[in-house]
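Enquirer: fold the following, please.
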Amino acid sequence: MTSTAQAPGAGTAHPDHLGHVIFIAAAAAMGGFLFGYDSSVINGAVEAIRDRYDIGSAALAQVIAIALIGCAIGAATAGRIADRIGRIRCMQISAVLFTISAVGSALPFSLYDLAFWRVIGGFAIGMASVIGPAYIAEVAPPAYRGRLGSFQQAAIVIGIAVSQLVNWGLLNAADGDQRGKLMGLEAWQVMLGVMVIPAVLYGLLSFAIPESPRFLLSVGKRERARAILAEVEGEHAGLDARVAEIEHAMKSEHKSVFKDLLGGSFFFKPIVWVGIGLSVFQQFVGINVAFYYSSTLWQSVGVDPSESFFYSFTTSIVNIIGTVIAIIFVDRIGRKPLALIGSVGMVVGLALEAWAFSYHLVDGKLPSTQGWVALVAAHVFVLFFALSWGVVVWVFLGEMFPNRIRAAALGVAASAQWIANWAITASFPSLADWNLSATYVIYTVFAALSIPFVLKYVKETKGKSLEEMG
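Expert: Model (predicted):
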């Protein structure tokens, strides 16, 4: 890609109204909040859905996992939609789909239309996962881009935590019964329906923030783009030079396509396989079991439903803490060391869970020692995942590919991640019925294998410019 001189002061310019810029980024990150909320709210409804529709583990897993098909489609199409009609319109479509999914999931006629509403919600999640970071990167002043960009990941983990807190509160309001009556509905239906509130708020906020200057320039609205740059970067940022810089970059960009990724001994270029490997390992350690099935998991080893919902909430708080740790240290100690630290911690946590779950239940519960070990180990696992692979993989994928193939390679790696996520989510109930301890042994093995993979194939990207990636 041809480079161009940066506009005077662009890299260090401070906006005249920083609070307004923070509001814009936070509003866009509401999509991330809904991403996290919708992904994990189903945790509170799993056992109620199984009971209401009298289905086995395999069918239940498909209802839970089918949303990921929508995620993959939404993520694959969001970029083109945003380039056609704008980033803000894309957010508004996502907000409408989140709202429709919440209402439909709360009022299903059958298992089949519940699955359909989950696909719709998944499509919205996929769109939000793409449009939020892209919009924030395009609107944020260069001096604040890294910090404002972290809003998306922070919003996701907060959304997960809030969904678990809401589920726990509603379960207690229903006297601990997921199928207990609340507002004329069963408690699990209310859990899924509450998402209407943040979905509508996301839609309303989208009307209060400006369109991306990059999109406006792409459709010839130069003066409007200049005005928004003044709004977010300040009048002193060298606006005409910034407009010219963005226009030049857009004209000189190479739009990577799938065939650019081909080559090497095994279909894709080696660097693409490394990206796919990072994505697959991130999911095959079983992290989404902790967010989709944790309430079911704890109840299966004798934990009271209300307590199981509370432990799901505490796990999500640990997830937030780990994410904050990652954001603080990812630029200080580097991506690769953080990934290795996380892998070692995950191996320990998962191995302890596998050991604890290997014991037979006594009166429907794990023995006291094993029960506490399982609970602590689950939190340790989530903490080490969050402070490493939860953040580091996305940083790697954004930095590791050469400029000429970055967009296409990132798309393939992200698709591999959704597929791996689906495989773990769809397989867990049946695997747990077969042997819960062995299931966690499998996740432990993948966590252990991630260590030599990182050591041998993954190169550190800390402190390197994107142009240095080839």
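Enquirer: pretty sure Phe268 is touching Asp260, no?
Expert: No: at 10.4 Å, Phe268 does not count as touching Asp260 under the criterion of CB atoms under 8 Å. The way it works is simple: take the backbone N, C-alpha and C, and place the C-beta from them, glycine included.
Enquirer: burial count for Lys259?
Expert: Neighbourhood size, Lys259 [other CB atoms under 10 Å]: 8.
Enquirer: what does Phe35 give?
Expert: Quick note: Phe35 (other CB under 10 Å) scores 27 neighbours.
Enquirer: with adjacent residues omitted, what lies nearest to Cys90?
Expert: Ala82 (4.3 Å; CB to CB, 6 or more residues apart in numbering).
Enquirer: repeat that for His17.
Expert: Closest to His17 by CB to CB, 6+ apart is Glu231, at 7.7 Å.
Enquirer: helix, strand, or coil at the one you found?
Expert: Glu231 falls in the helix class when you classify it by DSSP: H, G, I helix; E, B strand; the rest coil.
Enquirer: contacting residues for Phe428?
Expert: Ala61, Gly286, Val289, Tyr292, Tyr293, Thr439 (CB atoms under 8 Å, 6 or more residues apart in numbering).
Enquirer: these in strands, which ones?
Expert: Of the positions in the contacts of Phe428, not one sits in strands, assigned by DSSP state E.
Enquirer: would you turn those into JSON lines with neighbour count, pLDDT and distance to Tyr37?
Expert: Formatted as JSON lines, the contacts of Phe428 follow (neighbours: other CB atoms under 10 Å; pLDDT from 0 to 100; distance: CB to CB, whole Å):
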{"residue": "Ala61", "neighbour count": "23", "pLDDT": "87", "distance to Tyr37": "21"}
{"residue": "Gly286", "neighbour count": "25", "pLDDT": "93", "distance to Tyr37": "21"}
{"residue": "Val289", "neighbour count": "23", "pLDDT": "89", "distance to Tyr37": "18"}
{"residue": "Tyr292", "neighbour count": "26", "pLDDT": "82", "distance to Tyr37": "13"}
{"residue": "Tyr293", "neighbour count": "24", "pLDDT": "84", "distance to Tyr37": "17"}
{"residue": "Thr439", "neighbour count": "21", "pLDDT": "95", "distance to Tyr37": "26"}
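Enquirer: can you redo these as JSON lines with distance to Ile22?
Expert: Listed next are the contacts of Phe428 as JSON lines, based on distance: CB to CB, whole Å:
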{"residue": "Ala61", "distance to Ile22": "40"}
{"residue": "Gly286", "distance to Ile22": "35"}
{"residue": "Val289", "distance to Ile22": "35"}
{"residue": "Tyr292", "distance to Ile22": "32"}
{"residue": "Tyr293", "distance to Ile22": "35"}
{"residue": "Thr439", "distance to Ile22": "43"}
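Enquirer: what is the nearest of the residues you listed to Ile100?
Expert: Tyr292 (21.5 Å; CB to CB).
Enquirer: how about that closest one, what does it touch?
Expert: Ser39, Ser40, Ile42, Asn43, Val46, Ile64, Thr425, Phe428.
Enquirer: list the buried ones in stretch 435-447?
Expert: Neighbour counts over stretch 435-447 (16 or more other CB atoms under 10 Å) mark Leu436, Thr439, Tyr440, Val441, Ile442, Tyr443, Thr444, Val445, Phe446, Ala447 as buried.
Enquirer: an error on my part: the question was meant for stretch 291-311.
Expert: Result for stretch 291-311 [16+ other CB under 10 Å]: buried residues 291-301, 303, 305-306, 308-311.
Enquirer: residues near Lys462, how many?
Expert: 15.
Enquirer: hang on, it packs against Leu338?
Expert: No: counting by CB under 8 Å, Lys462 stays clear of Leu338, with 9.5 Å between them.
Enquirer: and which of the contacts of Tyr292 is nearest to Ala225?
Expert: Of the contacts of Tyr292, the one sitting nearest to Ala225 (CB to CB) turns out to be Ser39, at 33.9 Å.
Enquirer: helix, strand or coil: sort out the residue nearest to Cys90 for me.
Expert: Assignment for Ala82 (three-state DSSP): helix.
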